[in-house]
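Q: Just a sequence and a predicted model for now, questions to come.
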Amino acid sequence: RATVPASSAGSPGPVLPTNDTYGTHTPTGTGCMMTGPSREINRYKRCKKQIVAPSDRISDTPVSSDPGDPRRRTRTTERGKKAIDEKREREIKFEFTQINTKKARQAMNDLAVFVSNIHNPIILVQEPYVNGKNIIPRMVENTNTISKMNPKKKVRACIIYHKSLEKYIWPLDHLSNEDCAVAQLTIDQQKMIIASCYMDREDDRCPPESIEEVTKYARDHNMALIIGCDANAHNDMWNSPTINDGGRGERLEEYLLINDLTCENVGDTPTFNNGRWQNIIDLTITNAKGHDAVNKWHVVPESEVVNSSDHNFIRFEVSEKKTRKEARTFRDVRKTDWNIFQEEICKRTSDEGTHQKIVTCDDIERTNHKLNEAIIGSYHAANELIYVSGYTKPPPWENKEIRVVRKEIRHKLRRARRIKSNLDWEDIRKQQKEYKKLIKKSKRENWKMFCKGMDCRSTPGKISKLVKESNKYTRLRNVRKEDGLLTESPKEALDTMIKAHFNVGVTQSGAAPAVETAPTSGEYPNIEDKIFNKERPRKAVHELDAYKAAGPNGIYPIHLQKAWSYIEDTMSDLMKASYRMGYTPVLMEEIYWSLYSRSRKEGLL
């Protein structure tokens, strides 16, 4: 038996054997035992694998134990996290998905699963699922839907997008109808028209009037145009085998050529496949500017996803050409560490400059500025920034059992399409029924857990959130102007609302109107001491709702309440001096206000 060289004290591992030293296997009974340096080498390798350099230590982010969970995050080093965040700040990329869900709830569920790993998703949907009230249910929590609701007619087109894209997307209701949803997308500080359209095969007019209006609007305003549509038309122009479609394909081809439009479809991968026949009928149509913006257009292979619809997913990207820094973060005031906040405000207000005597108007401005900086700086020190993710949340009903069944369906579907056996198709139908039952069961269980989780304090907020999400008028959209036309941009809508409600012209800032000055201390001696005594301001501040909306400077009432014992004297001196001199600090003259639309309000759509 070969011997192992002794390792020196303090060595990180065993000494590796030299080339002239080898281990041998000594038979013992029916088995064998590894002896000598070979065993030491293996032990050394195992120890080496367990050693992790300090610079490569992974973060403490919890990871799901389920390897099939799409929400499972890959463990990343801190340096890698920073690089990913910097890349997200530099790039603004919109990932488009196009699909016809055939009015099926299950197809919408599959769509929710498909887009859960997509960043900044915009989905052009034809024939979405609509409930009995002609309302398209919210797909997942952090998405919004653009469509033209009609209680008497089913909606057959909509645009679904992530909530973080609200500042980029503006609905154009005057161009929309039940079969065509139109919105304006701002990218590279340029406006682009995006539309989702369903072309009814029973309609002899191809393309429909809505497409012609959208194309004309984009041409008149020199804007890029992207239309995702189910054309129900066949033509060699988009590699669709020509069949007897009543000449729809020829009429659509002629319209595209006359108006200098492009069909982005590439290759001969079918966009429609119902098992009996397949064809290319889902088109992505663009003008010259839209063609330059579209990248990576492709049809997602059927083998990669589970899709209950007989239409395949289409994906493409639109990216900004100019890179720019964009801070997509916010602070949740309810997660503030108030102990740290009070420690910071104590340090910042102990500065002598904050407690200097106020004699002139410049002293008022200086003191007010220092006070604002102290409160805001303390708040930022006690509250971390939260990154606003552009990814769609996975559906809450998705669990491990559903993912396993979906994987089995995907495997059997590939086999059935390859072998084309009736027994395989019957097996798939049974599996799909089981899949639907599992989803319904999971949704019921999630709803029961939601109801059980309601307590006396959180119930009103949760119910209010549900009501807001079910109301399609939660966001100010297009309003009707005095000439009867609809507004076409957010600024135009705000100008119209301001003019109607406040009797002013535009949103531009102007000179403040003259106001009467307050009585001076010469007329009423010591009046400021009586008005601004210690008790009255303190009572007024603490009577405010703690989390009432913040002002333009981002200061909430709870900030003043928590910091009052440290800023009370400064605030009292500031209010007295402001009253005595009849001067209001510039920061206090700023006004922040919002306009909210109400359902069934005359003049609003």
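A: That came in fine, so what should we check first? Being a predicted model, the structure only gives us computed values, none of them experimental.

Q: Can you point out the buried residues in stretch 299-309?
A: By neighbour count, with 16 or more other C-beta atoms under 10 Å as the criterion, the buried positions of stretch 299-309 are Val299, Val300, Glu302, Val305, Val306, Asn307, Ser308, Ser309. Backbone N, C-alpha and C define where each C-beta goes, glycine included.

Q: gap between the second one and Glu213?
A: From Val300 over to Glu213 the distance is 31 Å, taken as C-beta to C-beta, to the nearest Å.

Q: Also the third one?
A: Relative to Glu213, Glu302 is positioned 35 Å away (criterion: C-beta to C-beta).

Q: Out of the buried residues of stretch 299-309, which two sit at the greatest distance?
A: Across the buried residues of stretch 299-309, no pair lies farther apart than Val299 and Ser308, at 17.0 Å, counting by C-beta to C-beta.

Q: buried residues in the host helix or strand of Arg219?
A: Applying DSSP states H and E as the criterion places Arg219 in helix 209-220. Within helix 209-220, the residues that count as buried by 16+ other C-beta under 10 Å are Ser210, Ile211, Glu213, Val214, Thr215, Tyr217, Ala218.

Q: Near the closest residue to the first one other than its chain neighbours, how many other residues are there?
A: Just to be clear, that refers to Ser210. Distances taken as C-beta to C-beta, 6 or more residues apart in numbering place Cys180 nearest to Ser210, at 3.8 Å, with adjacent residues excluded. Each residue near Cys180 was counted by other C-beta atoms under 10 Å, and the total is 27.

Q: ditto for Lys393
A: By other C-beta under 10 Å, 15 other residues sit near Lys393.

Q: Next, the contact list for it, please.
A: For Lys393, the contact set (C-beta atoms under 8 Å, 6 or more residues apart in numbering) comprises Ser116, Val140, Glu141, Asn142.

Q: returning to that earlier point: just the ones of the buried residues of stretch 299-309 in strands?
A: Val299 (DSSP state E).

Q: export the buried residues of stretch 299-309 to CSV and tack on distance to Arg406 and pLDDT?
A: As requested, the buried residues of stretch 299-309 are exported to CSV (distance: C-beta to C-beta, whole Å; pLDDT from 0 to 100):
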residue, distance to Arg406, pLDDT
Val299, 20, 92
Val300, 15, 91
Glu302, 14, 78
Val305, 9, 82
Val306, 5, 79
Asn307, 11, 84
Ser308, 11, 81
Ser309, 15, 87
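
Q: Out of the buried residues of stretch 299-309, flag the one nearest to Ala500.
A: The closest of the buried residues of stretch 299-309, once distances to Ala500 are taken by C-beta to C-beta, is Ser309, at 44.2 Å.

Q: Quick check: that closest one vs Trp297, distance?
A: Distance of Ser309 to Trp297, given as C-beta to C-beta: 19 Å.

Q: Please enumerate the helices of the stretch 351-500 of the chain.
A: 361-382, 400-419, 422-452, 459-470, 490-502 (DSSP state H, counting those that start in this stretch).

Q: Does anything pack onto the helix or strand just after the last one? Which helices or strands?
A: Proceeding N to C from helix 490-502, the next assigned helix or strand is helix 527-531, under DSSP H and E. Using 3 or more C-beta pairs under 8 Å, 6 or more residues apart in numbering; DSSP states H and E as the contact definition, the elements that helix 527-531 packs against are helix 557-581.
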